[in-house]
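# Return a 3D structure for these sequence lines:
(chains A and B)
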Amino acid sequence: MLKSHKIAVLNTGFALLLVIVAVAVGVALNHTATSDDIPDALRGLLIEQPIAVPEFNLVDQQNLPFDTQRLQGAWTFMFFGYTHCPDICPITLTELGAAANRLNDLQTPQRKIQYVFISVDPERDTHEVLADYVRYFGAQFIAATGMVSNLKQLTEPLGVKFERGVGSTTEYLVDHSSSLLLIDPQARYFARFRAPHYSEEIVEGFKQVIAYTERQ
Amino acid sequence: MTLNRTYIAVFIALVLGFLMGKVSAHTDGGVVVKDAWVREAPPNAKVLAAYMTIENHTAQQKVLTGVSSSAFGAIEIHKTVQKDGMASMAPQKELTIAAENSVQLEPGGLHLMLFNPGTPLKAGDSVTFTLKFANGGTSIVSAKVQKAQAGDDHHHHSTHDEHKTQTQPESENSQHHNHQH
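Numbers count the residues shown, from 1 in each chain, chains lettered A, B, ... in the order given. Next up is the predicted model:
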């Protein structure tokens, strides 16, 4: 009698513990779901539901494959443009290059950062052209491109657009998304900086993003 | 005494030369072009951009219809337009500068698109442009090639004295020689 009473008390205690744990887990899950703890500075920067970057196959400036694998294990800043773009592309690459210099201190073996310029003008931007072009903006830059169909495997799921605009067969313009994408080390499209781009905003935004993710 | 005078004369000549050099170009047509510069680009770049402020000090509007330079294969007037997250360049057939007004060609906005440079241009090089206006007038502009640093391209972040004066067109031609730099 006494023994069974003891068991009953233990059972009640265990059940109570289960309830507490369940409530705690529920609260925690609910908390992240409503994302109440996203700092104000990150609102408008974070993608609400990070998008897994789909499989894609491009070629970098050294003629090496640039694919989804290359996004694993590093934070990636990604900007889309083309070398026959004299204004917005060099402006952005200059700002991003300056941001990269300032973010150098934040790089650790656990927290790598890479900077990628994707050309949406593969007809004129061969890997040789891209190599010479991005070197000017800093040794840290990776440049990549591929056939339009290969480019679209990457851009369409991420909502990045590009379209060949007015011009002749050799001199033409290309319209392109001006956002700077930030891809997380799990190859998920995680945050977006909208143009115009400022190096200070890129640096501060990135610091906020890593503070936020490393707190999770 | 004569020697002193010579020194003074040389000094005045140097000061005048310096001041005149600061004003990019003068024309008799009442058009003044200031702060003209070409963005240094990677050595293999096939297109570059030039920026400047064009002031019209006359009572009539001026219409810029074309720009030429022996340093480039072709030059067009373009405007970078940001719409719905997309950047595109809109070629402009001409550019109207209203009477007693000015137009700024600046990073992220209006610019001259410079096609096919004859030789790669480096910071410090000079380029001469001929601006053609609808009334038949022309304006010769000398522009320095500059390497843009981060922050240069945004006016509210700009620390360059040269860029600060752009937003205040002056109404008196005589003020240009007093231009503070």
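
# Not including adjacent chain positions, what is the nearest residue to the residue most central in space within chain A?
The residue lying closest to the centre of chain A (Cα atoms, centre = their mean) is residue A:183, at 1.6 Å. Distances taken as Cβ to Cβ, 6 or more residues apart in numbering or on different chains put residue A:76 closest to residue A:183, at 4.1 Å, once the chain neighbours are dropped. In short, each C-beta sits where N, CA and C put it, glycine included.

# average model confidence for whichever strand or helix holds that neighbour?
Under the criterion of DSSP states H and E, residue A:76 resides in strand A:74-81. When pLDDT is averaged over strand A:74-81, the result is 98.

# picking that back up, need the contact list for the residue nearest to residue A:183.
Neighbouring residues of residue A:76 by Cβ atoms under 8 Å, 6 or more residues apart in numbering or on different chains: A:113, A:114, A:115, A:116, A:181, A:182, A:183.

# make it 10 Å
The contact partners of residue A:76, taken as Cβ atoms under 10 Å, 6 or more residues apart in numbering or on different chains, are A:53, A:70, A:112-116, A:142, A:181-185, A:187, A:189-190.

# What's the local residue count around residue B:88?
A count of nearby residues for residue B:88, using other Cβ atoms under 10 Å in any protein chain shown, gives 19.

# Can you tell me the SS state at the closest residue to chain B within chain A?
In chain A, the residue that lies nearest chain B is residue A:98 (3.2 Å; Cβ to the nearest Cβ). Following DSSP: H, G, I helix; E, B strand; the rest coil, residue A:98 is assigned to helix.

# separation between the residue at minimal distance from the centre of chain B and residue B:139?
Central residue of chain B (Cα atoms, centre = their mean): residue B:36, 2.1 Å from the mean position. Distance, residue B:36 to residue B:139, by Cβ to Cβ, to the nearest Å: 10 Å.

# Repeat that for residue B:148.
As for residue B:148, its distance to residue B:139 is 24 Å (criterion: Cβ to Cβ).

# try residue A:58
45 Å.

# hey, what's the residue nearest to the centre of chain A bridged with?
Note on residue A:183: beta-bridge partners residue A:76, residue A:189, judged by DSSP bridges.

# got a pLDDT number for it?
Per the predicted model, pLDDT is 98 at residue A:183.

# Touching, it and residue A:56? I think so.
No - Residue A:183 lies out of contact with residue A:56 (Cβ atoms under 10 Å); the separation is 11.8 Å.

# Could you pull out the residues contacting both of those two?
By Cβ under 10 Å, 6+ apart, the residues touching both residue A:183 and residue A:56 are A:68, A:71, A:158.

# For those, pick the one with the most neighbours.
residue A:71 (22 neighbours).

# Is it correct that that residue is in contact with residue A:182?
No - Residue A:71 is beyond contact range of residue A:182, at 11.1 Å (criterion: Cβ under 10 Å).

# Check the contact lists of the two and give me the overlap.
What both residue A:71 and residue A:182 touch, as defined by Cβ under 10 Å, 6+ apart, is the set A:78, A:188, A:189.

# and the residues you listed as a markdown table, adding neighbour count?
Below are the shared contacts of residue A:71 and residue A:182 laid out as a markdown table (neighbours: other Cβ atoms under 10 Å in any protein chain shown):
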| residue | neighbour count |
| --- | --- |
| A:78 | 22 |
| A:188 | 16 |
| A:189 | 23 |
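
# Do you have the strands of chain A handy? List them.
A:46-52, A:57-60, A:65-67, A:74-81, A:112-119, A:141-145, A:162-167, A:172-177, A:180-183, A:188-193 (DSSP state E).

# Out of those, the one nearest residue B:82 is which?
Nearest to residue B:82, of all these, is strand A:172-177, at 10.3 Å by Cβ to Cβ.

# Which neighbours in the sheet does that closest one have, and how are they oriented?
strand A:162-167 (antiparallel), strand B:86-92 (antiparallel).

# quick one on the thing from earlier: I'd like the shared contacts of residue A:71 and residue A:182 as TSV, with distance to residue A:146 appended.
Shown next, in TSV, are the shared contacts of residue A:71 and residue A:182 (distance: Cβ to Cβ, whole Å):
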residue	distance to residue A:146
A:78	14
A:188	21
A:189	18
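
# Run through chain A and note the low-pLDDT ranges.
Applying pLDDT under 70 to chain A flags the ranges A:1-10, A:12-37.

# from the strands paired with strand A:172-177, which stretch is densest packed?
With neighbours taken as mean count of other Cβ atoms under 10 Å in any protein chain shown, the strands paired with strand A:172-177 reach their highest mean count in strand B:86-92, at a mean of 18.

# Quick one: mean pLDDT over that strand.
Strand B:86-92 comes out at a mean pLDDT of 94.

# Now do the buried residues in the helix or strand following that strand.
Scanning forward in sequence from strand B:86-92 by DSSP H and E, the next helix or strand is strand B:95-97. Buried residues in strand B:95-97, counted by 16 or more other Cβ atoms under 10 Å in any protein chain shown: B:95, B:97.

# Mind listing residues that contact strand B:95-97?
B:31, B:54-56, B:58, B:61-67, B:77, B:79, B:103, B:105, B:110, B:112, B:131, B:133-134, B:169.
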